[in-house]
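In: I would like to see how this sequence folds:
(one chain, ligands or ions: 1)
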Amino acid sequence: MTLHAKAYAKVNLHLEVLHHREDGYHEVETILQTIGLHDTLVFRATKGAIHVHCDHPSVPNDRDNLCHRAALLVRKQLGLRGGVDITLEKKIPVAAGLGGGSADAAATLLALPRLWGEELGEELLHEMAAQLGADVPFFLKGGTQLARGIGDELTPLHASGEGVFLLVTPKLELSTARVYEGLKMGLTHHGPKVNLQNYKALLSRFPDRAWPGFNRLGDVVLPANPGLHRLYLHLQDTGPRLAMMSGSGPSIFAVYRSLEEAELARQSLPDPSVFTWIGRSTRFGVQLTEVRDR
Ligand code: ATP
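Out: Numbering: from 1, shown residues only. Next up is the predicted model:
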């Protein structure tokens, strides 16, 4: 049997950094949303070892690949020796604030037990996901979720899903760790902003009504990168319901009420060679399909 997986990208509809913890992590409050842009993974059971094949120049093929790390974890948890060939086709821009590596890791955690004819409970999967990265637990279910703590305390939300997203990812290398360092938070504590009842009401009417999108990391990234700041201001001028940076950047996204508006905004971009994607949100994190071998 072969399993195919779609691993969806995320954007942050809200991101506040509450404070810096002694262990180096930051406590955040963020609303994550999966969108239709996805990587494709193919899993084939073998009698050998774990192999990851990916021809993207910035993605490791060895044990540093998050799929490889996830596969090792599943094998250990199940006490198995089975091998797997994982072919990863990257469509989600890498190191772009879209959580691509985390999505691939979640897809691997969900696919391998099924491929090997085993089962892992939800709680255990959540724990294993958190070991791989703060965003990984979110992708096990995807959709719209509020994340607190280091990002792994999750509350499902419901968004109307009617907006059209234009995503723009300029070629700009930003280190997530440096962006957080740049916040210079010291002992600052920001209070949580999300009042669940208010936000649920706002989300259900978005994008017909405006959404108070905010990303604290933009305070660091945008002033330090004037080209990105100009792109952000440009998108704001195209009349979206919302324009924001995702995660620690450099992806910027804008949400429109129609495909036509999003397409017009894309055509207005000053640099036509920049990566863009237009589509809708999705309620999935990962979608698995079984393909029977002949
Ligand atoms: P986040 O939003 O969680 O900060 P990101 O979208 O900014 O993540 P990723 O695309 O997940 O960043 O990649 C971050 C780093 O992880 C890259 O430098 C890449 O080399 C490494 N990496 C390891 N495994 C993968 C994978 N399967 N896909 C993409 N990157 C991977």
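In: Burial check on residue 32, number of neighbours?
Out: Close neighbours of residue 32, defined as other CB atoms under 10 Å, add up to 26. To be clear about C-beta, it is placed using only N, CA and C from the backbone, and glycine gets the same treatment.
In: Identify the residues contacting the helix or strand hosting residue 126?
Out: Residue 126 is part of helix 122-132 when elements are defined by DSSP states H and E. Outside of helix 122-132, the residues within contact range by CB atoms under 8 Å, 6 or more residues apart in numbering are 66, 69-70, 73-74, 77, 102, 105-106, 109-110, 120, 136-137, 139-140, 152.
In: so for the following helix or strand past that helix, what's the average pLDDT?
Out: Of the helices and strands lying after helix 122-132 in sequence (DSSP H and E), the nearest is helix 136-141. Throughout helix 136-141, pLDDT has a mean value of 98.
In: same check, this time on stretch 249-268
Out: 97.
In: For it, measure first residue to last.
Out: 21 Å (CA to CA, to the nearest Å).
In: next one: stretch 182-197
Out: With CA to CA as the measure, stretch 182-197 spans 32 Å from end to end.
In: do the same with stretch 138-156
Out: 10 Å.
In: any residue of it up close to the ligand?
Out: No. Judged by CB under 6 Å from any ligand atom, stretch 138-156 stays clear of the ligand, getting no closer than 8.7 Å.
In: Please compute how far that stretch lies from its chain's middle.
Out: The chain centroid and the centroid of stretch 138-156 are separated by 11 Å, computed with CA atoms, centre = their mean, to the nearest Å.
In: Please spell out which residues along it are buried.
Out: By 16 or more other CB atoms under 10 Å, the buried positions in stretch 138-156 come out as 138-148, 150-152, 154.
In: Check stretch 34-53 too.
Out: Using 16+ other CB under 10 Å as the test for burial, stretch 34-53 gives 34-35, 37-39, 41-45, 50-52.
In: Could I get those residues in JSON lines, plus columns for distance to the ligand?
Out: Formatted as JSON lines, the buried residues of stretch 34-53 follow (distance: CB to the nearest ligand atom, whole Å):
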{"residue": "34", "distance to the ligand": "12"}
{"residue": "35", "distance to the ligand": "13"}
{"residue": "37", "distance to the ligand": "11"}
{"residue": "38", "distance to the ligand": "12"}
{"residue": "39", "distance to the ligand": "7"}
{"residue": "41", "distance to the ligand": "9"}
{"residue": "42", "distance to the ligand": "14"}
{"residue": "43", "distance to the ligand": "13"}
{"residue": "44", "distance to the ligand": "17"}
{"residue": "45", "distance to the ligand": "20"}
{"residue": "50", "distance to the ligand": "13"}
{"residue": "51", "distance to the ligand": "14"}
{"residue": "52", "distance to the ligand": "8"}
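In: Out of those residues, give me the two with the largest separation.
Out: 35 and 45 (30.5 Å; CB to CB).
In: As a check, name the ranges of all helices in this structure.
Out: All helices of the chain, identified by DSSP state H, fall at 66-78, 100-115, 122-132, 136-141, 176-181, 196-205, 218-224, 226-236, 259-267.
In: So for the longest one, what gets flagged as buried?
Out: The reference is to helix 100-115. By 16+ other CB under 10 Å, the buried positions in helix 100-115 come out as 100-113, 115.
In: So for whichever residue of the chain sits closest to the ligand, what's the nearest residue that isn't a sequence neighbour?
Out: Here the residue of the chain nearest the ligand is residue 101; by CB to the nearest ligand atom that distance is 2.7 Å. What sits nearest to residue 101 in space, not counting adjacent residues and going by CB to CB, 6 or more residues apart in numbering, is residue 66, at 4.5 Å.
In: how about the one you found, what does it touch?
Out: Residues counted as contacts of residue 66 (CB under 8 Å, 6+ apart) are 101-102, 104-105, 108, 132-133, 136.
In: Get me the contact residues on this structure for the ligand.
Out: Contact residues, the chain versus the ligand (CB under 6 Å from any ligand atom): 58-60, 64-67, 88, 94-102, 104, 135, 176, 247-248.
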